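In: dropping the sequence and predicted coords here.
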Amino acid sequence: MEQYNIQSVGPKFQEKQTKVVMALNETFFISHGTPAIAVDDSLLPRHFLKSFAKKVLNQRPKAILIISSHWETLEPTVNVIHDNNDTIYDFHNFPMPLYQLKYPAPGAPELAKRVKELLEGSGFKQVNEDKERGLDHGAWVPLMVMYPEADIPVCQLSIQTSQDATHHYNVGKALAPLKEEGVLIIGSGTATHNLKSARPDNIDDSVASWALEFDNWLKEALISGRFEDVNHYLEKAPYGKLAHPEPDHFYPLHIAMGAAGQNAKAELIHSSWFAHTLSFSSFKFTSTI
């Protein structure tokens, strides 16, 4: 990892005082799974996320840009929050303690403006600002486990389910300069996400054959660098539509993949299953240029 003076990179995203920030070479896709990972130690992804800051990325980011599957808009939109982010409880029928959790991470308004600048500079004509929206559970639940102190500024970026995977890959490409400015880019979704076929009481820990086949294809395609195949997963992957009846939980991966760069190297950093059909496969993308 290289060192940069904050005044020499990202002129629109500077702190008032001169300081040295460490560039990041990595972006991440995290399968956030069930909101219960915030409290349930029996869930394997919780243990993975608890170890993230020590075993996966031991460098403290300057700020976090998170793209969650749970914020859909017609055009790319960033939340511009000057105080602390609100905690959004956008889930139902879970134990009451989950609705009492708070993750008051500081907002990152300068990062939000930088995101808008980069997207508009890359040809995205309409990029909106939301000055009220906090963090939904696809953002705050994994971040609470990864960075429980809630002391790193966080900005959230929306997805567009009316667009395709290539659109989201191009969003990621536009945001790639943020890594040099010390920003951690996280796509938060789920590697397979078919809730209608899920079995919450999956006593024997079985995995649907079609879900396993798609998950294996995804791992192999990413690790071998076939990013264009992943952009065209509906045509290239086995059971692509069955693994993702709606694309919302998959598009955050395409943004993380695009932000890492065309020749990035993908690495599987976690793999586990839940409820028969939900894969928690998570990936690190490392820039090679």
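Out: Everything's here; your move.
In: test my guess that residue 84 contacts residue 106.
Out: Yes - applying Cβ atoms under 8 Å as the test, residue 84 and residue 106 come out as touching, 5.7 Å apart. All C-beta atoms are positioned from the backbone trio N, CA, C, and that covers glycine.
In: show me what counts as buried in the longest helix seen in the chain.
Out: As assigned by DSSP state H, the longest helix anywhere in the chain is helix 209-223. For helix 209-223, burial by neighbour count (16 or more other Cβ atoms under 10 Å) applies to 210, 211, 212, 213, 214, 215, 217, 218, 219, 221, 222.
In: can you check stretch 245-258 too?
Out: By 16+ other Cβ under 10 Å, the buried positions in stretch 245-258 come out as 247, 248, 249, 250, 251, 252, 253, 254, 255, 256, 257, 258.
In: the fifth one and residue 159 touch, don't they?
Out: Read that as residue 251. Yes - between residue 251 and residue 159 there is a contact at 4.7 Å, judged by Cβ under 8 Å.
In: what residues are shared contacts of the two?
Out: Common contacts of residue 251 and residue 159, defined by Cβ atoms under 8 Å, 6 or more residues apart in numbering, comprise 67, 69, 168.
In: number of residues surrounding the first one?
Out: Translated: residue 67. Using other Cβ atoms under 10 Å, residue 67 has 30 neighbouring residues.
In: ok, now the last one?
Out: The burial count assigned to residue 168 is 27, neighbours taken as other Cβ under 10 Å.
In: excluding covalently adjacent residues, which one is nearest to it?
Out: Using Cβ to Cβ, 6 or more residues apart in numbering and skipping the chain neighbours, the partner closest in space to residue 168 is residue 254 (3.9 Å).
In: what is the host helix or strand of the one you found packed up against?
Out: Using DSSP states H and E, residue 254 falls within helix 251-260. Helices and strands touching helix 251-260, by 3 or more Cβ pairs under 8 Å, 6 or more residues apart in numbering; DSSP states H and E, are strand 26-31, strand 63-72, strand 154-159, helix 165-175, strand 183-189, helix 227-231, strand 282-286.
In: residue 202 is nearest to which of those?
Out: strand 26-31 (16.6 Å; Cβ to Cβ).
In: what about residue 87, neighbour count?
Out: Neighbourhood size, residue 87 [other Cβ under 10 Å]: 21.
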